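Engineer: Sequence and predicted structure, then a few things I'm wondering about:
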Amino acid sequence: MALRSVGISAPAKVNLYLRVLHRRPDGFHELDTVFLAVSLHDELLVESGGAPGPVTLTLQGPDPCAVADNLAFRAAEAFRAASGIPHAISVHLEKRIPAGAGLGGGSSDAAAVLRALDHLHPGVVPRSELMAVGAALGSDVPFFLGESAMARGTGRGEVLRPLPPLPEAYVVLVLPPVHVATGPAFAALKRNESAVREALPAPPGSWEAVSEMATNDFEGVIAATHAEVAAALGALRDEGGRPALLSGSGAACFGVFPSLERATAVAGRLEERLGWPAPVVTTLGALPRPGSPGG
Ligand code: C5P
């Protein structure tokens, strides 16, 4: 087949609800969470076809990990292994989502690579296998590979049920200059938290309902060990974010506001008060597809 390329964007996510249940025999924790994609995104260009060749990754923007550990690179390698295609694959990644922030940037990049390669080599890897390849790369990858921009995740986070979309809202992300490693965050939680939690009461139908049930089990332990997170959460709550939460295991925090004017004013005050970036993003109604406008 001829060499072809496709562009795709890889959105960030926030967790509107995150309960950590028991630790499983495989070492992962059973979760109950609500993922929501937002407009902050990385951009990827994926090229494949033509002569046999290796997987290559070029990067623009900050990324602390080595190329071989980058999830976009590993996703391309995993697609090649699953499909058996001999063609060269080149991925160009423009990184905007901060790493170690709980925004799912690496997982979203991996899902975008898998979507793009599935688009360039249609049907070579069945959808169920593509999801399994994604889940093996990371617990959040299946959400980004899924059908819905808002979904409830159980199991490791990879068992997904789409949730009905909420009205578009404005999200102020606060990005403290600290990284939180997910594995140690789970380990710290295990020492501090009791084993069994109640499950999500009901699918949230409105932002008011989201605010009522919004919670994140990591908040106590991460805010206690990272003063920046405690400061970001306090500031977002002072400004009336509903909800205002840690995302994933942090360190990014976010607050939801009903209007762009209000969110922009809050972001300006928080940048001044805290001295860290506080971009305003919107909630997404659909996940980006390869080659779609903005995608
Ligand atoms: O799946 P992912 O690579 O994102 O997970 C990183 C680490 O976080 C895992 O190695 C595990 O220690 C922890 N984790 C967990 N339970 C989950 C997801 C992640 O314990 N559901």
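Structural biologist: Arrived safely. Residues are numbered from 1 along each chain as shown.

Engineer: How about Leu170, nearest residue that isn't a chain neighbour?
Structural biologist: No Leu there; residue 170 is Tyr. Using Cβ to Cβ, 6 or more residues apart in numbering and skipping residues adjacent in sequence, the residue nearest Tyr170 is Ala263, 3.6 Å away. To be clear about C-beta, it is placed using only N, CA and C from the backbone, and glycine gets the same treatment.

Engineer: Helix, strand, or coil at the one you found?
Structural biologist: helix (DSSP: H, G, I helix; E, B strand; the rest coil).

Engineer: Now do the same contact list for it.
Structural biologist: By Cβ atoms under 8 Å, 6 or more residues apart in numbering, the contact set of Ala263 is Tyr170, Val171, Val172, Phe257, Val280.

Engineer: any idea which element the second one lies in?
Structural biologist: For Val171, the enclosing helix or strand under DSSP states H and E is strand 170-174.

Engineer: thinking again about what came up before, would you mind measuring from the residue nearest to Tyr170 to the ligand?
Structural biologist: Using Cβ to the nearest ligand atom, to the nearest Å, one gets 29 Å for the distance from Ala263 to the ligand.

Engineer: and what of Glu228?
Structural biologist: Counting by Cβ to the nearest ligand atom, the gap from Glu228 to the ligand is 21 Å.

Engineer: again with Ser9
Structural biologist: Ser9 sits 21 Å away from the ligand, going by Cβ to the nearest ligand atom.

Engineer: Next: His87.
Structural biologist: As for His87, its distance to the ligand is 28 Å (criterion: Cβ to the nearest ligand atom).

Engineer: And Ala82, by the same measure?
Structural biologist: When Ala82 is compared with the ligand (using Cβ to the nearest ligand atom), they lie 18 Å apart.

Engineer: Throw the contacts of Ala263 into a markdown table and include distance to the ligand and neighbour count, thanks.
Structural biologist: Shown next, in a markdown table, are those (distance: Cβ to the nearest ligand atom, whole Å; neighbours: other Cβ atoms under 10 Å):
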| residue | distance to the ligand | neighbour count |
| --- | --- | --- |
| Tyr170 | 28 | 22 |
| Val171 | 22 | 23 |
| Val172 | 25 | 28 |
| Phe257 | 29 | 24 |
| Val280 | 27 | 19 |
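
Engineer: Which members of these are the farthest-apart pair?
Structural biologist: Phe257 and Val280 (8.4 Å; Cβ to Cβ).

Engineer: Need the residues touching each of the two.
Structural biologist: Common neighbours of Phe257 and Val280 (criterion: Cβ under 8 Å, 6+ apart): Tyr170, Val171, Val172, Ala263.

Engineer: Phe254 is in contact with the third one, correct?
Structural biologist: Spelled out, that is Val172. Yes. Contact status for Val172 versus Phe254: in contact at 6.5 Å, counting by Cβ atoms under 8 Å.

Engineer: Mutual contacts of those two, please.
Structural biologist: Shared contacts of Val172 and Phe254, defined by Cβ under 8 Å, 6+ apart, comprise Leu236, Gly241.

Engineer: For the residue nearest to Asn70 when sequence neighbours are not counted, give me its contacts.
Structural biologist: Leaving aside its sequence neighbours, Asn70 sits nearest to Leu57 (Cβ to Cβ, 6+ apart; 6.0 Å). The neighbourhood of Leu57, defined by Cβ under 8 Å, 6+ apart, consists of Val67, Asn70, Ala72, Phe73, Ala76, Ser90, Val91, His92, Leu93.

Engineer: Just to be sure, Leu57 is in a strand?
Structural biologist: Yes. The assignment for Leu57 (three-state DSSP) places it in a strand.
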